[in-house]
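Student: Sequence below, structure please.
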Amino acid sequence: MKIVIIGGVAGGASAAARARRLDENAEIVMFERGEYISFANCGLPYHVGGIIKKRDSLLLMTPKGFAERSNVDVRTAQEVIRISPEKHCVLVRRKDTGNTYEESYDKLIMATGSRPKKPQIPGIDDPDVMVIWNMSDMTEVLDRVNDGIKHALILGGGYIGLEMAENFRHRGIKTVLVQRSGQIMSVLDPEMASPLEHCLTANGVKIHFASTISSISREAPDSEKTKAGLLVELSDGSRVRTELVLIAAGIRPNSELASEAGLKIGIDGTVWVNDLLETSEPDIYAVGDLIQVQETVLGAPAHIPLAGPANRQGRIAAENALGAKKRFKGSIGTSICKVFGLTAANAGANEKSLRKSGIEFRKIYINPYSHATYYPGAKQMHLKVIFRPDGQMLGAQIIGTEGVKERIDVLAVAIQMKMSVYDLQELELAYAPPYGSAKEPVNYAGFVAGNLLDGKTNLKYSEDVENAEYLLDVREASEFRAGHIPKSRNIPLGEIRKRIAEIPKDKDVLAYCQVGIRGYLAERILRQNGVRAFNLSGGYVTWKMAATAKII
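Tutor: Residues are numbered from 1 along each chain as shown. Prediction:
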């Protein structure tokens, strides 16, 4: 058996390693057009920022080390320029000589990855307009940072754009972020992204929303002592003078090789594969950023370029190339991102995508703490859970400073396993005061969602506040004075029973507190006293997040 693999990093390298572990006698050849076969591309921004000190820390495995350990014929600086499925061979060009040769295969695994999108705008080819996608890109950006630049502009508010904004600021560089849509981190719903926006601006990042770059031009120096810089014209009419422009406006799959070979192409230029990761051509598999996968919550094809799925796909493709029938079950797009002191995480579908797909759903917000509040250092989280009317989990989003990853991981498992919010209530999760609460946030989310589905609470949301007939703030008077929803009446929870006559029975009463707990208690009291009461999910905290996101 001869297996040829095109590309390294997550998908290709994991395929090669798995194939060797399963078959000591297989001939395995890996082609990589670059210098490195395995590097931590997710760590690149942190080396620019000086958080990861040593460049070599990003090199997970050298070609020589990988070849020696795995007995794989690793050929770097050699690019596959054509696939001939009918001949079962690839045409390879050596970068050092330009010479070409053919290499045969029994099975071919494509892991050609993706590349950053570069919008077609005037000035985009200026040498100070950069991307950060591989080690060479990182070196170019780092060289400019080490030159002492004082200002950078980033186009794109996704993972890379946010991580680079943090790391530019860590190096003392004034940073402007330009985002085409009205929010950053589009995998989140707008209200959940708003704390990230506050965090960015609090750390000195200026954001231009609903804008993009119209043109980039080179300015002459103001004097002999100043360097020439870039003038960036934005679609909102702004003009930004900067020294470096970083493009982080999405990616596109490197599918040209597949397309020219006649392989079926999927959405957004991806390569179509079945659940065995087989392409439309016999004996050719594809993995990683290159491929279309099934988004399992929406039940629709998607492009989900994440390292975790790519590693698993490489493993599966290697096994299937050797005769197995392992299936890739799709992806729910679980991800996490650090933005200064905050962590944002999501799993499954968001509200935007569910509405677009026409899938009926329910949602709840809670604002629990990372661990027991009586133990020092507890930090508040913001958690959104989305589920079907029958309770099946659809999606989850969390923002916070601590405790985010462990909760999103549990919720991601729940979504993948098609668990319900009632199952969340029953999960037995570890507890000790430094790590969590006896009423664990994941369990608590299940309790709140279950109450909604069982009719024990009637929730309304931030978008319903404007049309509320009667807003009742049940917090203490001091909390009300510190900030409240306009047109609210304040009756503290402890006074509701004796002041029940003050609350109208001919109007819908929307009760709220700080995070939703007292609002729920007020709702229960009022309903049992003949008042048409509702509770504001997530309370005043979530309403403020939504108000900041300008969705209400």
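
Student: surely residue 102 meets residue 89?
Tutor: Yes. With contact defined as Cβ atoms under 8 Å, residue 102 reaches residue 89; the gap is 4.8 Å. Quick note: C-beta positions are derived from backbone N, CA and C, even for glycine.

Student: Compare these two and say which one has the larger neighbour count.
Tutor: Using other Cβ atoms under 10 Å, the more surrounded residue of residue 102 and residue 89 is residue 89, with 17 against 11.

Student: Who are the contact partners of the more buried one?
Tutor: Residue 89 is in contact with 102-105, counting by Cβ atoms under 8 Å, 6 or more residues apart in numbering.

Student: Tabulate the residues you listed (JSON lines), appending pLDDT and distance to residue 199.
Tutor: Shown next, in JSON lines, are the contacts of residue 89 (pLDDT from 0 to 100; distance: Cβ to Cβ, whole Å):
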{"residue": "102", "pLDDT": "98", "distance to residue 199": "54"}
{"residue": "103", "pLDDT": "98", "distance to residue 199": "50"}
{"residue": "104", "pLDDT": "98", "distance to residue 199": "54"}
{"residue": "105", "pLDDT": "98", "distance to residue 199": "49"}
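
Student: what residues are shared contacts of residue 102 and residue 89?
Tutor: The contact sets of residue 102 and residue 89 do not overlap (Cβ under 8 Å, 6+ apart).

Student: what ranges do the helices span in the stretch 351-500 of the chain?
Tutor: 351-357, 404-416, 421-426, 441-453, 477-482 (DSSP state H, counting those that start in this stretch).

Student: okay if I get these as JSON lines plus mean pLDDT and mean neighbour count?
Tutor: Converted to JSON lines, the helices of the stretch 351-500 of the chain look like this (pLDDT from 0 to 100; neighbours: other Cβ atoms under 10 Å):
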{"stretch": "helix 351-357", "mean pLDDT": "96", "mean neighbour count": "16"}
{"stretch": "helix 404-416", "mean pLDDT": "98", "mean neighbour count": "20"}
{"stretch": "helix 421-426", "mean pLDDT": "98", "mean neighbour count": "19"}
{"stretch": "helix 441-453", "mean pLDDT": "98", "mean neighbour count": "22"}
{"stretch": "helix 477-482", "mean pLDDT": "98", "mean neighbour count": "12"}
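
Student: out of those helices, nearest to residue 40?
Tutor: Using Cβ to Cβ as the measure, helix 404-416 is the one of the helices of the stretch 351-500 of the chain that comes nearest residue 40, at 17.9 Å.

Student: Next, the angle helix 441-453 makes with the closest one.
Tutor: With axes from the mean of the first three to the mean of the last three Cα atoms, to 10 degrees applied, the angle from helix 404-416 to helix 441-453 works out at 50 degrees.

Student: okay, and the helix or strand of this protein with the least pLDDT?
Tutor: In the chain, no helix or strand scores lower on mean pLDDT, DSSP states H and E than strand 59-61, which sits at a mean of 82.

Student: Give the other helices and strands that it contacts.
Tutor: Applying 3 or more Cβ pairs under 8 Å, 6 or more residues apart in numbering; DSSP states H and E, we find strand 59-61 packed against strand 38-39.

Student: Please list the outside residues in contact with the strand it packs on.
Tutor: The contact list for strand 38-39 (Cβ under 8 Å, 6+ apart) reads 8-9, 13, 58-61, 66, 134-135.

Student: Which one of those residues is nearest to residue 489?
Tutor: Using Cβ to Cβ, the contacts of strand 38-39 come closest to residue 489 at residue 58, 57.7 Å.

Student: Counting neighbours, what do you get for that closest one?
Tutor: A total of 19 residues lie near residue 58 under the criterion other Cβ under 10 Å.

Student: now swap in residue 511 and tell me
Tutor: 31.

Student: Please apply the same query to residue 267.
Tutor: The local packing count at residue 267 equals 12, with neighbours defined by other Cβ under 10 Å.

Student: for residue 322, same thing?
Tutor: By the measure other Cβ under 10 Å, the count of residues near residue 322 is 15.

Student: The spatially most central residue of the chain bridge partners, please.
Tutor: Centroid-nearest residue in the chain: residue 335, 4.4 Å away (criterion: Cα atoms, centre = their mean). Listed beta-bridge partners, residue 335: residue 346 (assigned using DSSP bridges).

Student: how far away is it from residue 187?
Tutor: Residue 335 is 6 Å from residue 187, where distance means Cβ to Cβ, to the nearest Å.

Student: Ok, residue 263 next?
Tutor: From residue 263 to residue 187 the distance is 28 Å (Cβ to Cβ).

Student: Check residue 379 too.
Tutor: 22 Å.

Student: Between these two, which is the more surrounded one?
Tutor: residue 187 (22 against 14).

Student: ok, and the closest non-adjacent residue to the more buried one?
Tutor: Leaving out its chain neighbours, the residue that sits closest to residue 187 by Cβ to Cβ, 6 or more residues apart in numbering is residue 346, at 5.0 Å.

Student: again, but for residue 305
Tutor: Closest residue in space to residue 305, ignoring its immediate chain neighbours: residue 289 at 3.9 Å, by Cβ to Cβ, 6+ apart.

Student: how about the strands in the stretch 151-300 of the chain?
Tutor: Ranges of strands within the stretch 151-300 of the chain are 151-155, 174-178, 205-208, 213-219, 229-234, 239-242, 244-247, 251-253, 284-286, 293-295, 300-302, based on DSSP state E, counting those that start in this stretch.

Student: winner for burial among those strands?
Tutor: Comparing these by mean neighbour count (mean count of other Cβ atoms under 10 Å), strand 284-286 comes out on top with a mean of 28.

Student: Verify the stated contact: residue 461 with residue 534.
Tutor: No. Under the criterion of Cβ under 8 Å, residue 461 is not in contact with residue 534, lying 9.9 Å apart.

Student: Between the two, point out the one with more neighbours.
Tutor: Higher neighbour count among residue 461 and residue 534: residue 534, with 24 against 18, using other Cβ under 10 Å.

Student: what sits opposite the more buried one in the beta ladder?
Tutor: residue 510.

Student: wait, residue 536 sits on residue 517?
Tutor: No. Residue 536 lies out of contact with residue 517 (Cβ under 8 Å); the separation is 11.4 Å.

Student: Those two: which is more packed in?
Tutor: More crowded of residue 536 and residue 517, by other Cβ under 10 Å: residue 536, with 29 against 17.

Student: how near is that one to residue 195?
Tutor: 18 Å.

Student: Same question for residue 288.
Tutor: Per Cβ to Cβ, residue 288 is found 32 Å from residue 195.

Student: Equivalent analysis for residue 135, please.
Tutor: From residue 135 to residue 195 the distance is 33 Å (Cβ to Cβ).
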